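Undergrad: what's the 3D shape of this:
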Amino acid sequence: MKEALGEENLAVLQISNSLGDLLMEMKTDPEKCVEAANPNDGHYETALAYYQRSLDGKMKLLGDSHPETLGNCMNIAVIYNDGMQDYENAFKMYWKSLRGYESQLGKDNIFTKNCTRNFCIDLKNNGTKEELLKLKRDYPWVEDVP
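TA: Residues are numbered from 1 along each chain as shown. This next block holds a predicted model:
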């Protein structure tokens, strides 16, 4: 498909993103496919490469603030946070996604709220108190997030 449509075709970029999703969830042991997900079983480096390729292409094709581009940023944040424990890069990508969603879609949009919720949970688990307080100050409804 890439050869027929080109590397910067939106369908090709969406497939790249989907491959990142698949690799993030893939199990290294087929027997574990029916068990609960274990965060150490994903193929995070490969998933990150697919997400990054999709992000780079979507930035060129759609721009940095398009919701699909921002969704890729959030996927990368999750990979950095959950799979690689690279919290600094995870939080940078979360902020990029969150500010973009808010700017493009508004604070009350479901994409903005989902991003905020995920970010809040990850900040509670791996961030600093100052970062969490800043998020709660800017998005007071996250007080309800467990």
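Undergrad: List the contacts of residue 93.
TA: 73, 74, 76, 77, 80 (CB atoms under 8 Å, 6 or more residues apart in numbering). In this view, the C-beta of every residue, glycine as well, is placed from N, C-alpha and C.
Undergrad: now swap in residue 141 and tell me
TA: Contacts of residue 141 by CB under 8 Å, 6+ apart are 113, 116.
Undergrad: Now do stretch 117-125: everything it contacts.
TA: By CB under 8 Å, 6+ apart, stretch 117-125 touches 74, 77-78, 81-82, 87, 90-91, 94-95, 98, 131-132, 135-136, 139, 142, 145-146.
Undergrad: Find the least confident helix or strand in the chain, judged by mean pLDDT.
TA: Lowest mean confidence among the helices and strands of the chain (mean pLDDT, DSSP states H and E): helix 2-5, at a mean of 46.
Undergrad: Which of the residues in stretch 94-109 are classified as buried?
TA: Neighbour counts over stretch 94-109 (16 or more other CB atoms under 10 Å) mark 94, 95, 96, 97, 98, 100, 101, 102, 104, 105 as buried.
Undergrad: can you tell me how far residue 130 sits from residue 94?
TA: Using CB to CB, to the nearest Å, residue 130 is found at 15 Å from residue 94.
Undergrad: That should have said residue 131, apologies.
TA: Using CB to CB, which is the criterion applied here, residue 131 is 10 Å from residue 94.
Undergrad: related to what we said a few turns ago, cross-reference the contacts of stretch 117-125 with the helices and report the matches.
TA: 74, 77-78, 87, 90-91, 94-95, 98, 131-132, 135-136 (DSSP state H).
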